[in-house]
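Enquirer: Fold the following, please.
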Amino acid sequence: MIPFPLPWQAHNSTLVAGCGGGFDVICALPVAFNLKAQGKAVHLASYSFSELREIEGAEKLSSKLFRVHADCEPPANGYCPELWLCRWWRQHFGEELSVWCYRRVGTAPLAEIFGQLRERLELDALVVVDGGVDGLFVGDEHELGTPETDTASLLAAYQQEGLARYCAFCAFGTEGTAYSVRHADALQRMAELIGQGYGLGVSALLPQSSEGQWFSDCLEYVHEQLGEQWHSHMAGSILAAMRGRFGEQLLSQRCLGAPIWVSPLTLLYWFFDLPGLARQRPYLQQALEAESVGDLHDLIQKYRHDTGVMENRKIPI
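Expert: The predicted structure is shown next:
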């Protein structure tokens, strides 16, 4: 990645958490690699889509928090990108890695999980990374994508007062022939954050960088182990952009009817002050109390119904 001074580089022990969906932790790897290269202690967490209770050998720290490591065995359906990430890390770096996993939790229980990890890992910083841009959304955008798990992660991190908190968004592109998530809406949210002083910088994941090479190698390994039916569109779009592909892309058999739109913008990692982003949520206080993803969905949809939505704006991009 293009180096520039990022504020978390001053911290010694950082948790890098995938915002939502099993592959967001893969999308977050360039940040982890950058910190590792500086000799910092870096830890990984994932809002997982894996069947955590079925992973043989996973350490159960609570009813909602599991430690996945390289010696685990995958669940019955075979899906566990976090496991294959750990095995790749062992093969590539010769080090043992744990990914702290949780699923189907709302803001309140996830805040407790982050608190547990904060104490156990002696953290002084937390970076939450979204593979996509719907974590930026508050609810009145023309189309929302799936912001519920992203919202849970961002607002749970917001509650870790006294800890340095940052967020990043990557894989800027669009899924589906209808182009449901609008670039204009995402760019407007970014512009608002930058205008309020919450922008921290932008960095490109380039194929000639160490972070880019490690990301490519890891993603190809994880995809190979999982099979094409489990390939990630967002992580795959970053890899496609690093290979110079542009426009609608058929990244796997899963997107035959809904190509992924890829461009050089897909390579950008946009960094923001997380508390500043969290305070943009008009329903912040209610969302902090949400016990489940369903609670967050209902809250966002109510706001959407009460407020209305933005028009479908076309911009020259």
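Enquirer: pLDDT weak spots in this protein?
Expert: Counting by pLDDT under 70, the chain has low-confidence residues at 1-9, 175-179, 317.
Enquirer: secondary structure class for the spatially most central residue of it?
Expert: Of all residues in the chain, the one closest to the mean position by CA atoms, centre = their mean is D130, 2.8 Å from it. Assigned by DSSP: H, G, I helix; E, B strand; the rest coil, the conformation of D130 is strand.
Enquirer: can you pull the contacts of it?
Expert: D130 sits next to 19-20, 24, 27, 136, 150, 167-170 when contact means CB atoms under 8 Å, 6 or more residues apart in numbering. Where you see a C-beta, it was placed from the backbone N, CA and C, and this is true even at glycine.
Enquirer: Who is it paired with across the strands?
Expert: The partner list for D130 in beta bridges (DSSP bridges) reads F169.
Enquirer: residues in contact with P109?
Expert: With CB under 8 Å, 6+ apart as the criterion, the residues that contact P109 are 64, 291.
Enquirer: swap in E220?
Expert: The neighbourhood of E220, defined by CB under 8 Å, 6+ apart, consists of L239.
Enquirer: Start at 178, not 1
Expert: With the count now opening at 178, the last piece we talked about shows up as E397.
Enquirer: Need phi/psi at it.
Expert: In terms of degrees, to the nearest 10, the main-chain angles of E397 are phi -60, psi -40.
Enquirer: ok, it to L274 distance?
Expert: In this structure, E397 and L274 are separated by 18 Å, where distance is defined by CB to CB, to the nearest Å.
Enquirer: quick revisit: just the contacts of D307 now: which is nearest S429?
Expert: C204 (16.2 Å; CB to CB).
Enquirer: ChimeraX command for the buried members of the contacts of D307?
Expert: In ChimeraX, selecting the buried portion of the contacts of D307, with burial taken from 16 or more other CB atoms under 10 Å, looks like this:
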select :196,197,201,204,313,327,344,345,346,347
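Enquirer: Helices - which of the contacts of D307 land there?
Expert: The helices in this structure, assigned by DSSP state H, contain 201, 204, 327 from the contacts of D307.
Enquirer: C263 and E250 touch, don't they?
Expert: No. Counting by CB atoms under 8 Å, C263 sits too far from E250 to count as a contact (11.9 Å).
Enquirer: So which of the two has more stuff around it?
Expert: Comparing C263 with E250 by neighbour count (other CB atoms under 10 Å), the higher total belongs to C263, at 22 against 11.
Enquirer: What sits closest to that one if chain neighbours are left out?
Expert: Distance criterion CB to CB, 6 or more residues apart in numbering; nearest residue to C263, sequence neighbours excluded, is A247 at 4.1 Å.
Enquirer: In whichever strand or helix holds L476, which residues are buried?
Expert: Element membership of L476, judged by DSSP states H and E, is helix 470-484. By neighbour count with 16+ other CB under 10 Å, helix 470-484 contains the buried residues 470, 472-474, 476-477, 480-481.
Enquirer: Could I get the residues you listed in JSON lines, plus columns for distance to P286?
Expert: Compiled in JSON lines, the buried residues of helix 470-484 are given as follows (distance: CB to CB, whole Å):
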{"residue": "V470", "distance to P286": "11"}
{"residue": "D472", "distance to P286": "11"}
{"residue": "L473", "distance to P286": "12"}
{"residue": "H474", "distance to P286": "16"}
{"residue": "L476", "distance to P286": "16"}
{"residue": "I477", "distance to P286": "18"}
{"residue": "Y480", "distance to P286": "22"}
{"residue": "R481", "distance to P286": "24"}
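Enquirer: Closest one to Q390 out of the residues you listed, please.
Expert: Once CB to CB is applied, the member of these that ends up nearest Q390 is V470, at 34.9 Å.
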